[in-house]
Each structure stands twice: as C-alpha cells, then as structure tokens.
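1. heads up, no residue letters with this:
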C-alpha cells in the first residue's frame with residue numbers, strides 16, 4: 001500500500017483539516033478539531049491489550065512467560081487481528097485516548113487545535129499534530145507556524161515522542177531543528193510511563209520559550225548572506241562526501257543531493273521573498289524543500305514517515321545545526 005495509512009473496514013485511520021494530503025484519504029474536517037473530535041474522525045477510538053504467548057511444536061506447547069503480544073482489543077479473536085509487537089513483562093501500553101488526553105494537558109483541554117491525526121501500517125504507529133497559538137515572523141512576509149507533534153507506537157520498539165515541528169507557511173516545508181534535549185521529549189513504555197509523562201508535561205511547559213528561541217535561530221540565518229563559496233561549503237557539510245570517494249555510485253548520489261538543494265535554494269517556493277533571497281535561511285530551506293518534496297523515492301505517507309520520523313528528519317536536524325554553527329562564525 002503506497003500511502004502506508006492504516007485501513008480498517010475500508011476506512012483510513014486519519015483525519016485532517018485543510019488541503020487533502022497524499023492520496024486524499026481520511027476524514028476531512030472544516031475546522032481544527034478538539035481531541036475528542038480528532039480521535040473519532042481518525043478512527044483511532046480503539047484500545048490495545050496484552051495477550052500471553054506460547055511456544056509450540058509437534059511435541060507440545062509451553063507458555064513464553066516473559067513475552068506478551070500487543071493486539072487490538074476490539075479485533076482480538078478475529079482473523080484480521082494484527083500482532084503489533086512482542087514485548088516483555090515490563091511493557092506499559094499507552095492507549096490512543098490516553099495519548100490524546102496527555103496532549104490536551106499540554107496544548108489546552110478541549111482546545112480546537114488538532115490539524116491531523118492518524119495511524120500507519122497496521123495501526124502500530126499513531127501520531128497527533130496540534131497547532132500552537134501564535135507564529136514566528138522570520139523576516140518580512142516570511143511566516144512560520146508553530147506545531148507540536150506527538151507520536152507513539154504499539155510495536156514495543158517506538159517510544160512516546162513530542163517534538164517541535166514548525167511549518168513554513170509560504171511553502172509548507174516541515175522544519176526540524178536541534179535544540180539539545182528540548183527538541184524532542186522521548187518517554188519509553190516502561191512501568192514508569194505515566195510518571196515520566198507527567199515529568200514530560202512539565203518539560204513541555206517551556207514550549208513557548210523554546211519557540212521564541214527557534215524564531216531567533218531562524219532570524220539569525222536570514223541575516224547571513226550566502227556570498228562567495230558559502231553555499232557550496234554549507235551543502236558539502238550537509239551532504240558530505242562518501243567515506244569511499246572511489247564509490248562512484250555513492251558519490252553520484254551525494255552530488256545529486258547538493259545540486260537539487262542548490263536548485264531549491266535558488267528557485268524554491270518562498271526563497272524569493274525580500275530578506276530571504278540569497279541568505280543562509282534560504283539555503284536551509286533549500287535543503288528542507290528538497291527533502292520534503294524532491295526525493296522521488298518517497299511518496300504518500302512514506303514521505304510523511306521520512307520527514308517526521310526517518311532519515312529526512314535526521315538530515316534536517318543536522319542541516320539546521322550546521323547552519324547555526326556557520327551563522328555564528330560568519331556573523332562574527
């Protein structure tokens with residue numbers, strides 16, 4: 001399935017507000033949703049449960065006492081019931097409703113701020129995206145909206161994560177940044193899950209201050225002109241040479257990445273705005289624009305998985321960190 005969205009009984013596990021994403025699947029809402037509205041519209045109003053496991057062969061059967069299977073409670077006993085993951089005795093599930101409830105405590109109870117929510121694969125990975133009040137004015141008419149992303153998994157391998165996810169309005173680039181540990185709060189599914197979530201809630205009380213810091217970092221990039229060889233230097237750091245320069249295939253991929261990012265720097269959406277054109281901010285957005293829209297191997301929600309959770313997200317974090325280091329050097 002190219003879009004990777006979870007489909008159950010012909011319904012896509014996704015809701016969205018605004019333009020139809022990817023394949024146009026999911027429930028479209030005319031306004032941002034409350035958490036109660038979002039979980040129902042995204043078809044996520046189900047629970048997981050833990051079931052004992054057994055080892056068996058022709059000689060007999062024995063319980064696997066230290067292992068449990070994570071399954072959907074409403075599908076248990078049915079032929080199409082998936083096993084999301086195999087976990088140990090210390091695993092503590094976070095139900096979808098509990099994830100939304102926790103997010104309410106962070107962004108505001110009963111606040112209509114949820115823009116998208118859904119599940120990937122067989123339902124094992126769930127996400128919620130909420131828009132926070134206010135915006136970042138980088139320079140002139142270049143505005144970035146402030147979003148907060150929560151993701152969790154029922155597969156036994158995916159922790160609960162909260163991360164800053166600014167979106168540049170003019171081109172919808174999803175930006176990622178490295179702000180030490182506060183760029184992403186991660187909580188494992190241990191017996192201390194709910195205590196750790198309470199601690200995370202306190203950490204997320206710093207959201208507004210951190211977004212002010214993010215805004216200043218973007219504005220700093222817009223003050224750096226990419227004169228001379230600066231663009232080439234930046235892109236070589238973001239897309240470094242392969243360890244084996246004799247590997248012509250790998251070197252060709254790297255050069256392609258640099259060339260495509262340079263094209264997005266010169267002609268990407270929003271990069272011609274006065275105050276943006278020809279700056280390090282435009283170069284960073286050239287990288288994010290290429291990662292979000294230019295990598296042809298990622299389509300549909302494979303693209304979403306890449307830019308939020310995968311290599312694309314890591315590349316953008318690195319691109320932002322490198323841009324900040326260069327800005328500090330070039331502004332001195």
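-> On my side now, so go ahead. All of these numbers come straight from a predicted model, not from anything done at the bench. Residues are numbered from 1 along each chain as shown.
2. what about residue 39, which SS state?
-> Classification of residue 39 by DSSP: H, G, I helix; E, B strand; the rest coil places it in helix.
3. pretty sure it sits against residue 98.
-> No: using Cβ atoms under 8 Å, residue 39 is not in contact with residue 98; the gap is 10.6 Å. To be clear about C-beta, it is placed using only N, CA and C from the backbone, and glycine gets the same treatment.
4. would you map the strands across the stretch 151-300 of the chain?
-> Applying DSSP state E, counting those that start in this stretch to the stretch 151-300 of the chain gives strands spanning 160-164, 167-168, 173-174, 184-187.
5. same thing with the stretch 1-150 of the chain?
-> With DSSP E, counting those that start in this stretch, the ranges of strands along the stretch 1-150 of the chain come out as 7-8, 11-12, 14-17, 27-29, 48-57, 60-72, 83-88, 114-120, 125-139, 142-153.
6. if you compare these, which one is most tucked away?
-> Of all these, strand 114-120 carries the top mean neighbour count, a mean of 25, counting by mean count of other Cβ atoms under 10 Å.
7. now do it: which elements does it pack against?
-> Other helices and strands packing on strand 114-120, by 3 or more Cβ pairs under 8 Å, 6 or more residues apart in numbering; DSSP states H and E, are strand 14-17, helix 35-41, strand 125-139.
8. could the ones you listed go into a markdown table alongside distance to residue 86 and mean pLDDT?
-> Output for those, formatted as a markdown table (distance: least, Cβ to Cβ, whole Å; pLDDT from 0 to 100):
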| stretch | distance to residue 86 | mean pLDDT |
| --- | --- | --- |
| strand 14-17 | 26 | 87 |
| helix 35-41 | 26 | 89 |
| strand 125-139 | 16 | 89 |
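9. can you tell me which of those is nearest to residue 51?
-> strand 125-139 (19.6 Å; Cβ to Cβ).
10. which residues does stretch 31-46 contact?
-> Applying Cβ atoms under 8 Å, 6 or more residues apart in numbering, the set of residues contacting stretch 31-46 from outside is 8, 11-15, 17, 26-27, 29, 72-75, 96-97, 100-101, 103-104, 110-115, 117-119, 123, 126, 128, 131.
11. so which bits of stretch 149-165 are buried?
-> Along stretch 149-165, these residues count as buried under the neighbour rule (16 or more other Cβ atoms under 10 Å): 149-156, 158-165.
12. quote the end-to-end distance of it.
-> Using Cα to Cα, to the nearest Å, one end of stretch 149-165 lies 6 Å from the other.
13. and what of stretch 119-133?
-> Taking Cα to Cα, stretch 119-133 runs 25 Å from one end to the other.
14. and the helices in the stretch 151-300 of the chain?
-> 193-203, 207-222, 230-238, 248-267, 280-289, 300-309 (DSSP state H, counting those that start in this stretch).
15. residue ranges with poor pLDDT in the protein?
-> 1-3, 19-25, 108-112, 177-187, 193-194, 196-197, 199-208, 295-301 (pLDDT under 70).
16. care to break it down by domain?
-> 7-45+95-215, 221-330 (automatic domain parsing).
17. tabulate the ones you listed (CSV), appending distance to residue 64.
-> CSV is the format used below for the domains of the chain (distance: least, Cβ to Cβ, whole Å):
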stretch, distance to residue 64
domain 7-45+95-215, 14
domain 221-330, 30
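18. between those, which one is closest to residue 51.
-> Set against residue 51 and scored by Cβ to Cβ, these come closest in domain 7-45+95-215, at 12.7 Å.
19. how far off centre is the closest one?
-> On the basis of Cα atoms, centre = their mean, to the nearest Å, domain 7-45+95-215 sits 8 Å off its chain's mean C-alpha point.
20. what of stretch 309-329?
-> Distance, stretch centre to chain centre, for stretch 309-329: 15 Å (Cα atoms, centre = their mean).
21. that older thread, with neighbour numbers in mind, choose between residue 39 and residue 98.
-> Neighbours per residue, other Cβ atoms under 10 Å: of residue 39 and residue 98, the larger number sits with residue 39, 23 against 16.
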